[in-house]
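Undergrad: I would like to see how this sequence folds:
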Amino acid sequence: MCPQASAHWWRPEFIRKGFDFVSTESLSAPKILDDLIHQAEKAGASDIHLHMADQAALVSFRLDGLMTPVSTVPMEIADRVFGRIKFLAKMKTYQESMPQDGRIEKSEVGSSHDIRVATYPTVTGEKIVLRLFTDAAAKSLRELDFPPDICTQLERFLGQSSGLLLLTGPSGSGKTTTIYACLRHLAGLGGRQIITVEDPVERIIPGVMQTEVSEARGLTFSKAARHLLRQDPQVLVIGEIRDDETAGIVVRAALTGHMVISTIHAGSCRGVLERLMVMCPDHHAVTSVIGLVLNQRLVRRVCPGCGGKGCGVCLNTGFAGRAPVTEWLHVDESLRAQIRDHGIQSLQPGKSLEESARALRERGVTSETECQRVIGI
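TA: Residues are numbered from 1 along each chain as shown. Alright, predicted model coming up:
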């Protein structure tokens, strides 16, 4: 059970089963921060959240997409830990009333990950989120655990010379992982210059020219895309279509013979087309260039060690790892004719999210409650 605020966060009764935390021997800020990062890595967390509340900072890890409370740090120690984080991230250590962004090099904390740091002021005190970036190689398309038909569709699209691939899904649904798998596949094919515009660059892909946007420097997705087209790319990856200008650039690039891969927030494959058509008035152009739409979610896998009952390996959550739930829409010439004649209201994906989730549940990969949480079935 996760503790409430306490002046003795390191006491054994405040440690999750199977989770070795900071010892009482050294409570220096550097030691606590290093231990937090190492334990997060050991647990397979993607993020560490520290939030000032009352007389302590609450500590949570994001495990398999869900926030998992871990412990609390008493205020007098938490202040020093927060200062240590800001110092390493090259932030203003005295600034608590305005958001800040920074990055900690892995060598600074003996980590296997570079760490992105974001602070934010709240009514109970400052909130800091540490995002752990892995150095592991990008997965291949066949390692994503997608159904074979989706892998085939992706490989077929990536073998073309032009067209638009759009991915959708909420934050944390695996879109970036899919894009990196696509980049690895494209780099392996060779013969094409591939340029990305990302926020942020989470993994370096050999053979790919990668750019990180910076709002502070005025380098937005749209501005970067405009200039990068002059670099003669054959493949352009735009991390996200956020505005009408970026949407127009993406569509025009695909129309002029480029392969373009991007993400856009929508609730379904059909919703992707609906939103893009709102952002780009030239509906004929949108219909002409879009080749494949992929809508994805991630559900937690039942822990193989305990069968979902909870154990030290899964930190008593009953889950370990995640599996993709997907639906896709292949836009071919017959579907383009259908859109032109009847609009997009009748469009249906090859297999719905509900069908994909049900197949995972029937195979015992995930649970009914997890499907309900993610998909609503």
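Undergrad: Could I get the contacting residues of residue 203?
TA: By C-beta atoms under 8 Å, 6 or more residues apart in numbering, residue 203 lies in contact with 133, 134, 135, 136, 138, 180. In this view, the C-beta of every residue, glycine as well, is placed from N, C-alpha and C.
Undergrad: Which ones among these map onto helices?
TA: residue 180 (DSSP state H).
Undergrad: Weed out the non-buried ones from the contacts of residue 203.
TA: Using 16 or more other C-beta atoms under 10 Å as the burial test, the contacts of residue 203 include 133, 138, 180 as buried.
Undergrad: Lowest-confidence one in the contacts of residue 203?
TA: Lowest-confidence member of the contacts of residue 203: residue 135, scoring 68 (pLDDT).
Undergrad: Now do the SS call for residue 78.
TA: helix (DSSP: H, G, I helix; E, B strand; the rest coil).
Undergrad: Just confirm it contacts residue 58, I think it does.
TA: No. Judged on C-beta atoms under 8 Å, residue 78 makes no contact with residue 58 at a distance of 9.4 Å.
Undergrad: more crowded one of these two?
TA: Set side by side, residue 78 and residue 58 show more neighbours around residue 78, with 26 against 23, by other C-beta atoms under 10 Å.
Undergrad: In contact with the more buried one, which residues?
TA: 50, 52, 56, 57.
Undergrad: Give me the helices and strands touching whichever helix or strand residue 250 is part of, please.
TA: Element membership for residue 250, per DSSP states H and E: helix 244-255. When contacts are defined as 3 or more C-beta pairs under 8 Å, 6 or more residues apart in numbering; DSSP states H and E, helix 244-255 sits against strand 163-168, helix 221-228, strand 235-238, strand 259-263, helix 269-279, helix 283-289.
Undergrad: How far does that helix sit from its chain's centre?
TA: 23 Å (C-alpha atoms, centre = their mean, to the nearest Å).
Undergrad: again, but for stretch 231-250
TA: 19 Å.
Undergrad: Quick check: buried residues in that stretch?
TA: 233, 235-242, 245-250.
Undergrad: sorry, back to before: neighbour-wise, which one of the contacts of residue 78 leads?
TA: So for the contacts of residue 78 (other C-beta under 10 Å), the most neighbours sit at residue 57, 26 neighbours.
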